[in-house]
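Peer 1: what's the 3D shape of this:
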Amino acid sequence: MRTPAPLSVLVVDDEPRSLETLRRTLEEDFTVFTAASAEDGEAVMAREFVHIVLSDQRMPGTQGVEFLRRVRSQWPDTVRLILSGYTDAEDIIAGINQAGIWQYLLKPWHPEQLLLTLKSAADLWRLQQENQRLSLDLRDSPELLVQRVASRRGTLKARSGFDRLARAADSPLNAVCELARKIAGHELSVLITGESGTGKELLARAIHFSSDRAQRPFVVENCGALPDTLLEAELFGHKKGAFTGAHEDRIGLFQQADGGTLFLDEIGDTSPAFQVKLLRALQEGEVRPVGSARTVPVDVRIIAATNRDLEADVASGRFRRDLYYRIAGIGLHMPCLRERPQDIPLIVGGLFKESALAGRRFSDAALKTLLAYHWPGNVRELQNEVMRALALAEGHLLDAELLSPRLRVAKVMSGASFAVDGESGTLKDRLDRLEGQVIAATMERHKGNKTRVAEELGLTRVGLRMKLARLGLDGDAE
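Peer 2: Sure thing, here's the model as predicted:
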């Protein structure tokens with residue numbers, strides 16, 4: 001399949017160092033334009049074709065929201081994002097309502113996560129263009145459009161089923177998927193628990209597309225990412241003038257999901273005050289948009305998810321008991337990746353097949369390194385690691401050197417001799433001996449190159465030299 005041409009991104013930020021860092025982060029995957037002010041950004045857009053705009057919020061002169069409002073007016077197809085170090089609710093609301101901002105990102109940002117967000121923005125732009133083409137087809141041939149929609153819906157259902165959750169024959173995830181498959185066709189609310197990055201949303205999608213609601217919308221909201229005021233407006237909708245920044249009526253996600261499924265991620269992070277409003281909506285089957293005197297009936301199935309221990313939160317009074325029993329019709333727990341290492345080769349293989357660089361594979365050493373790591377970020381962290389390796393690889397066989405230093409260090413430590421635990425000496429003496437083993441093994445692999453050793457172990461050259469001297473290791477080799 002032909003790889004899509006890279007889209008263009010305009011980055012607007014008044015801080016030169018931030019602008020350069022953003023450019024370097026994005027330039028391998030996008031054509032990047034930069035501007036130090038909103039006015040310079042508009043000049044760039046007047047002469048270049050820009051698909052995505054990423055703008056700082058607080059800048060001298062015209063601020064980000066106002067700049068993106070102008071962009072929306074003149075170049076409505078451009079996907080618009082704000083990057084800000086502030087969480088002012090009025091800024092967020094104004095950005096969504098006035099400028100049609102797709103994402104509101106917070107500083108400090110993580111390069112891999114920012115890149116994933118921008119790639120999603122690129123997918124959104126392409127989907128918008130496809131939607132416009134489909135609209136033209138509708139005028140010329142309604143029958144053709146019906147066929148295309150049915151085909152795409154079938155493709156989406158196939159890609160969102162339980163098979164999407166890659167797992168081995170002896171994986172602990174099998175029991176979870178089997179239970180989820182059994183209850184998918186029943187009108188039960190579902191609570192999915194598990195660490196961040198384990199695939200809770202994938203499981204929720206599989207349940208939706210295996211249910212009688214599969215032909216209706218599946219709508220997602222991260223409840224932990226927004227303050228109460230904005231979360232209420234997002235879920236229930238609002239009327240024009242209901243609060244500062246509400247310049248137009250907005251339909252909430254409950255109404256958008258009518259007849260389908262609403263996935264409420266990180267529900268454990270909601271405040272007790274908001275939990276009361278959510279409980280009422282679920283009990284009554286209706287929502288009241290902010291600023292409206294009338295309620296609107298809705299028919300949605302709720303699938304909620306959290307990485308918290310909600311039963312403990314109920315016991316402590318942090319989470320309402322009545323809401324807990326309302327959303328926990330049945331509970332499903334997603335095992336973390338370190339509890340199912342047998343699934344890692346299958347997950348990696350699936351990621352390779354989906355990439356534009358299909359046919360590549362990890363070496364045995366690289367795969368052993370992946371299996372030795374404890375994966376605190378779970379499947380999401382593994383996905384980022386595979387993407388990193390694919391981006392850096394030059395051949396078809398991907399070696400362990402392409403993996404992040406933290407993974408390689410974990411592999412060295414897992415292979416180190418732990419006989420020191422049985423030797424005499426204080427805990428500090430034993431830890432020093434283990435630290436020496438890790439550094440010695442890394443020095444040997446890099447043939448004594450202290451710059452590379454320091455980079456892999458997350459040390460400065462001075463810090464490495466001091467450790468070599470303290471541990472009595474040969475630090476003369478370069």
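
Peer 1: so for stretch 78-90, what's the average pLDDT?
Peer 2: For stretch 78-90, mean pLDDT rounds to 80.

Peer 1: Mind listing what's buried along the host helix or strand of L105?
Peer 2: Using DSSP states H and E, L105 maps to strand 103-106. Using 16 or more other CB atoms under 10 Å as the test for burial, strand 103-106 gives Q103, Y104, L105. Every residue, glycine included, has its C-beta placed from N, CA and C.

Peer 1: cool, stretch 447-460 as well?
Peer 2: Buried residues in stretch 447-460, counted by 16+ other CB under 10 Å: K450, R452, V453, A454, E456, L457, L459.

Peer 1: Repeat that for stretch 224-242.
Peer 2: Buried residues in stretch 224-242, counted by 16+ other CB under 10 Å: 226, 229-239, 242.

Peer 1: center of this protein, which residue is that?
Peer 2: Nearest to the geometric centre of the chain sits Q113, at 6.7 Å (CA atoms, centre = their mean).

Peer 1: quick one: that residue from R406, how far?
Peer 2: 16 Å (CB to CB, to the nearest Å).

Peer 1: just E195 next, same as before
Peer 2: 18 Å.

Peer 1: the helices in the stretch 201-350 of the chain, which residues?
Peer 2: Taking DSSP state H, counting those that start in this stretch, the helices of the stretch 201-350 of the chain run over residues 228-236, 253-256, 272-284, 310-316, 321-327, 344-354.

Peer 1: among these, which is nearest V9?
Peer 2: Closest approach to V9 among those is made by helix 344-354 (22.8 Å; CB to CB).

Peer 1: Need the contact partners of the following helix or strand past that closest one.
Peer 2: As assigned by DSSP H and E, the chain's next helix or strand after helix 344-354 is strand 361-362. The contact list for strand 361-362 (CB atoms under 8 Å, 6 or more residues apart in numbering) reads V348, G349, F352, L370, A389, H396, L397, L398, D399.

Peer 1: how about 10 Å then?
Peer 2: By CB atoms under 10 Å, 6 or more residues apart in numbering, the residues outside strand 361-362 that reach it are 345, 348-349, 352, 367-370, 386, 389, 393, 396-400, 402-403.

Peer 1: Using PyMOL, define a selection of the buried residues within the residues you listed.
Peer 2: Buried residues within the contacts of strand 361-362, by 16+ other CB under 10 Å, are selected in PyMOL with:
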select buried, resi 345+348+352+367+369+370+386+389+398+400+402+403
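
Peer 1: could the buried residues of stretch 447-460 be laid out in TSV, adding distance to M59, pLDDT and secondary structure?
Peer 2: What follows is those, written out as TSV (distance: CB to CB, whole Å; pLDDT from 0 to 100; DSSP: H, G, I helix; E, B strand; the rest coil):
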residue	distance to M59	pLDDT	secondary structure
K450	42	85	helix
R452	40	80	helix
V453	42	83	helix
A454	37	82	helix
E456	38	78	helix
L457	39	80	helix
L459	37	79	coil
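
Peer 1: If you average the pLDDT over the helix or strand where the residue nearest to the centre of the chain lies, what comes out?
Peer 2: Remark: Q113 resides in helix 111-140, with elements defined by DSSP H and E. Averaged across helix 111-140, the pLDDT comes to 80.

Peer 1: Same drill for E195 and R406, tell me which one is more crowded.
Peer 2: Counted by other CB atoms under 10 Å, E195 and R406 do not tie: E195 has more neighbours, with 18 against 15.

Peer 1: before we move on, back to that, among the buried residues of stretch 224-242, which one lies nearest to L264?
Peer 2: L264 lies nearest to L235 out of the buried residues of stretch 224-242, by CB to CB, at 8.3 Å.

Peer 1: picking that back up, which ones among the contacts of strand 361-362 map onto helices?
Peer 2: Filtering the contacts of strand 361-362 for membership in helices, criterion DSSP state H, returns P345, V348, G349, F352, L367, K368, T369, L370, V386, A389.

Peer 1: Assign V44 to one of the three secondary structure states.
Peer 2: Under DSSP: H, G, I helix; E, B strand; the rest coil, the three-state class of V44 is helix.

Peer 1: what sits against P297?
Peer 2: Neighbouring residues of P297 by CB under 10 Å, 6+ apart: F254, Q255, D258, E284, G285, E286, V287.

Peer 1: Now for the fourth one, how many residues are close by?
Peer 2: Okay, so that is E284. E284 has 12 nearby residues by other CB under 10 Å.

Peer 1: Could you find the closest non-adjacent residue to it?
Peer 2: Closest residue to E284 apart from its sequence neighbours, by CB to CB, 6 or more residues apart in numbering: T295 at 7.5 Å.

Peer 1: For that neighbour, give me the pLDDT.
Peer 2: Among the per-residue scores, T295 holds a pLDDT of 90.

Peer 1: can you check the one 3 residues further on too?
Peer 2: Reading off the per-residue confidence, V298 sits at a pLDDT of 93.

Peer 1: And F218, by the same measure?
Peer 2: pLDDT, read off for F218, is 92.

Peer 1: That one is in contact with A204, isn't it?
Peer 2: Yes: if you go by CB atoms under 10 Å, F218 and A204 touch, sitting 7.8 Å apart.

Peer 1: which residues are in contact with both of these two?
Peer 2: Counting by CB under 10 Å, 6+ apart, the shared contacts of F218 and A204 are S160, T261, L262, F263, I303.

Peer 1: ok, the last one - contacts?
Peer 2: Put plainly, it is I303. Shown in contact with I303 (CB under 10 Å, 6+ apart): 180, 188-192, 200-201, 203-205, 207-208, 211, 218, 220, 261-265, 267, 327, 329, 332.

Peer 1: what bridges to it?
Peer 2: Using DSSP bridges, the bridge partners assigned to I303 are V190, F263.

Peer 1: Which element is encountered next along the chain beyond the worst-scoring helix or strand of the chain on mean pLDDT?
Peer 2: None of the helices or strands of the chain scores lower by mean pLDDT, DSSP states H and E than helix 142-159, at a mean of 61. Next helix or strand after helix 142-159 toward the C-terminus (DSSP H and E): helix 173-183.

Peer 1: Break the protein down into its domains, please.
Peer 2: 8-129, 170-333, 361-471 (automatic domain parsing).
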